[in-house]
Structures are given as C-alpha cells and as structure tokens.
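Visitor: what follows is a predicted protein model with its sequence.
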Amino acid sequence: MMKMKVTKFGGSSLASAGQICKVFEIVSADRSRRFVVVSAPGKRSPEDVKVTDLLIDYFTAYKLDKDFTAIQSQLIGRFQEIVSALELTDILPEITNRIYGLAKLPLDNGFTYDSFLATGEDLSARLVAAFFRKNGLTARYVSPREAGLFVSNRPSHAELLPEAYAEIEKLIPLAEKEILVIPGFFGVTRSGEICTFSRGGSDITGSIIAAAVKAKLYENFTDVDGIFSANPHTVENPVIIEEVTYREMRELSFAGFSVLHEESLIPAARAGVPMVLRNTNNLSAKGTRIVPQWTIDMPVVGIASSSGFVIIKINKYLLYRDLSFGRKFFEILENLGIQFEAITTGIDDISILVREIYLSVQVEKALTERVLESLQPDDFSILRGLSVVTAVSEEIRQQTHITSRATTALANEKIKIETLMQGASEVTLLFIVLQKDEKKTVRTLYREFF
Ligand code: ASP
C-alpha cells in the first residue's frame, strides 16, 4: 500500500487563478500527495474580503430581508474571475446556481447559516478538481458526505463523530487511483445537514483525514515560511521554528501563537502523524515540522506572550491542612464563572492566574465578599495589570539550567518576575511580569535562547 500525504491549502493559496496554478504545481510535484483539502478563496491583498466573509454578509442580508443582489454579484464575480483565467467557464453555471440557490434555503433551519458558509470551500474544491483534471491529473472532487465526514449536530461548532474515522479510512483504495480533492471546514450530520467547524476549520478537516488514513505526513500550505519563534512585532526577525512537538505546539497556541486552528492539532497528534507547515509562495523555505517526538535539541523552541492577566492570592495560616479549602475556593470560582489558567499552592498560600476579562468590577466585588465570608483568609489580594510570557520546550522537563539561565538573564535586565510557574505539562515556564515589562521580557529571553 502506498504511503500517502494529506495536503491542505489555506485561503490565500486559492485566492486567485495564479495561486491555484501554484497549488497544481505543488500537487503534481509529488505522487504521494493523494488527498487535497482546500479552504475557500481568501484575500488577494490585505484590503480584500474572504469569500467566507462575503457569504456571512450574504446570509445576514437574506435573514434581515435586505437587498443582497450586490453581494451575490460580488461572490459570483470572485469565482468568475478565477474560472475565466483558468479556462473553466463550463463550471460557471453550476457555481452561479449554487450562489443564487442559497437565498432559497429555509431561515428556520439552524443549519442554513452553515450551508452558506460551507459554499466557499465546496465550490473551491469542485473548481480545483476540475482544474487538475483539465491539466492531466487524475483527480476528483469528494464531498464530505461521500468522504464519511460525519459530525455532531451543533451548528457552526461541529465535532467529528468518533466512528467517522473508519468511514474516512475507506477512501484509501480510491485515493490510490485518483487524487481526492475534499472541501475543508465542514462535515455532515447523521441527518444530512451541513455543519461547519469553527472559523478557520479547514485545518481541522485536513488533520482528521490525515489521522483517518494514517498519512505519512499532513502538509499544511499557507502564506508564511513557518512558525516564528517569537512575535515579529516584538522581536526583530525572529527565527522560524524548524521543529516543534505536538505538545509544545499546543502550549504555544494556547499562549498566543495563532498560525493553526487550535483544534487541528489533536487528530493528527493522536494518530502520530507528523505535520509540516509550508509556504505556497516560497517553496524554498523548509517550513515548520510538528512532530510526535522531538529529534532536535533546543533549550527553548518558542516564546509567547499575552497581556491582561490578574493574580488572585489568598494567604491563611496552615491552609494546606484544611481539606475543604480547595473545594470551597473552586466552588466560588465556578459559581462566578471565573476560569483560571494556572495555580500554585503552599503551606499557607494559594494563587491563581486568571484573565482580566473574567474579573469585571462586579465579579471582583462578589469574589472578595465570598472569599472573605467563606474562607476567612488572613490576607486576600488581587494583582492586576500583568502579562504572561511563556517559554516552551520539551527540554524544560529534563534540564534545570533553562530556568536559571532565564532568571539570570531577566535579573541582569532588572526585570522583576512577579511569579514564576512551571506548567503541569512540564514543557512551559510562565514568567508573570508587569504589563510594562512584557516586551522587554520577551526580547531578553529571546536573546538568551536564540
Ligand atoms: N473559510 C473558512 C474561514 O474563513 C475556513 C478556513 O479557511 O479554514 O474561516
């Protein structure tokens, strides 16, 4: 059996006829690229509008009973421009009918919005398959229904049904004969409704297919050379991460790196399929590999940062002996809807890290009252205006010198660390600093480790 690759292209790789030609070149260049997953046409320039956003406007106008003819024309215009340049005008009537047909869907159906949204990906896949065939590739469009992409029935928040993996796996013999072009971003419910993942969800489709067919690689083509090791707005010309483990990548995504859809890591990671992020517009860049096990030793792979944090601290003599203390505290947090991101405890202390958005003035007041009444602390404080700078690396688990190198570097720059925490996954170090020191902290750590 042939070992296959699943190759996903993001919206900017499908935004114009020129970009679709690049997609064709990429797929033709490697015979093991058998599954091609596509997004809807994205932006051609920074000021442009994505097809998916146009579809949202179209739905809104339709729902509010406003005139939507201009949006219909704009959508048709986008596809027309592509198909004319690719000499595929025979599929234009089908595209036009689909776009007009959306305004006949029932508004009292909770999945109608998803049907609008999914149209961008669906037409994109049909168009790409037609273009591949026209240029000599044996390829065909496969709908998510045909592919067995069965999902749960929560509109706009689909989740794959676990039994769908076995269905999707059945595509393998077909893919050995033909390149299968599958639209990203949506699946079908058991009752046949179209249901999308959350925004940016084509990454999830690619990951699911890669996991189901046990691909040798999941390639995700986008418009950047790879994942930067730090925010380029903070650090000048940060290096591209060459390799990162799934666990590290999850932590980086959570801490503020937003190249991939967060949910897209899980299926491929669980199936042990490596992933690579590459640039459609610069094939000479090797990209970033996301792998189950690390092969490259790096003390730190990436530094993320995020502002708007608060530390809530409670001090009470011999707090650790009161077995009900934690339960009571968490109950207060639960009842007030306060989600926390990290926690540390000691003999007399407990502190938690919370995003400021969870702590409005009213919530803070209620929290203070409840903590004072039910926990009777010796001291209770809330420290606002904090940032969290997260250094991520599998090596943190193995090597203590990483912490000492980081703290020494920060001390040399006179940056005060309010709190230092190690994440429970043991691959993160969280430096909690005053918001005003955030950028300096990132730059100092970057200089130390890269
Ligand atoms: N086209 C969809 C969006 O813009 C999904 C995707 O591109 O991944 O959110």
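Guide: Structure's in. What do you need? Numbers count the residues shown, from 1 in each chain.
Visitor: so which bits of this structure are right by the ligand?
Guide: Within the chain, the positions near the ligand by C-beta under 6 Å from any ligand atom are 11, 39-40, 50, 52, 120, 184-185, 199-203. C-betas here are computed from N, CA, C, even on glycine.
Visitor: neighbours around Glu364, how many?
Guide: Neighbour count for Glu364, taken as other C-beta atoms under 10 Å: 17.
Visitor: doesn't it lie inside a helix?
Guide: Yes: under DSSP: H, G, I helix; E, B strand; the rest coil, Glu364 sits within a helix.
Visitor: now it: closest residue in space that isn't a chain neighbour?
Guide: With C-beta to C-beta, 6 or more residues apart in numbering as the criterion, Glu364 has its nearest non-adjacent residue at 6.4 Å, and that residue is Ile382.
Visitor: next helix or strand past the helix or strand hosting the one you found?
Guide: Take DSSP states H and E as the rule and Ile382 turns out to sit in strand 379-392. Sequence-wise, the next helix or strand downstream of strand 379-392 (DSSP H and E) is helix 401-412.
Visitor: buried residues, that following helix. List them.
Guide: Neighbour counts over helix 401-412 (16 or more other C-beta atoms under 10 Å) mark Ile402, Arg405, Ala406, Ala409, Leu410 as buried.
Visitor: just checking, Ile179 touches Arg34?
Guide: Yes: the pair Ile179 / Arg34 is scored as a contact, 5.8 Å apart, by C-beta atoms under 8 Å.
Visitor: got the CA positions of the strand holding Ile382 in CSV?
Guide: Output in CSV follows, covering the C-alpha atoms of strand 379-392 (Å, rounded to 0.1, in the frame of the first residue of the first chain):
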residue,chain,number,x,y,z
ASP,A,379,-4.8,38.1,53.6
PHE,A,380,-6.5,38.3,50.2
SER,A,381,-5.2,40.3,47.3
ILE,A,382,-5.8,40.8,43.6
LEU,A,383,-2.9,42.0,41.4
ARG,A,384,-4.0,43.4,38.1
GLY,A,385,-2.1,44.6,35.0
LEU,A,386,0.1,41.5,34.4
SER,A,387,1.4,39.8,31.4
VAL,A,388,2.4,36.2,31.0
VAL,A,389,5.5,35.4,29.0
THR,A,390,5.7,31.7,28.2
ALA,A,391,8.8,29.8,27.2
VAL,A,392,8.0,26.4,25.7
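Visitor: what's the mean pLDDT across it?
Guide: With pLDDT averaged residue by residue, strand 379-392 scores 96.
Visitor: list the strands paired with it, with their directions.
Guide: Paired strands of strand 379-392, with direction, are strand 302-315 (antiparallel), strand 428-434 (antiparallel) (DSSP bridges).
Visitor: nearest to Phe68, out of the ones you listed?
Guide: strand 302-315 (38.0 Å; C-beta to C-beta).
Visitor: so which residues of the stretch 201-350 of the chain form strands?
Guide: 217-222, 243-245, 275-279, 288-291, 302-315, 340-345, 349-355 (DSSP state E, counting those that start in this stretch).
Visitor: save these as CSV, and put in mean neighbour count too.
Guide: Listed next are these as CSV, based on neighbours: other C-beta atoms under 10 Å:
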stretch, mean neighbour count
strand 217-222, 25
strand 243-245, 22
strand 275-279, 23
strand 288-291, 22
strand 302-315, 21
strand 340-345, 16
strand 349-355, 19
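Visitor: so which of those strands comes closest to Glu373?
Guide: strand 302-315 (13.1 Å).
Visitor: now that closest one: average pLDDT?
Guide: The model assigns strand 302-315 a mean pLDDT of 96.
Visitor: now swap in stretch 151-166 and tell me
Guide: Rounded mean pLDDT across stretch 151-166 is 97.
Visitor: need the contact list for the most centrally placed residue in the chain.
Guide: The residue lying closest to the centre of the chain (C-alpha atoms, centre = their mean) is His261, at 1.3 Å. For His261, the contacting residues are Phe197, Ser198, Gly200, Gly201, Asp203, Ile204, by C-beta atoms under 8 Å, 6 or more residues apart in numbering.
Visitor: Tyr317 contacts Gln376, correct?
Guide: No: counting by C-beta under 8 Å, Tyr317 stays clear of Gln376, with 10.6 Å between them.
Visitor: nice, that's everything, thank you.
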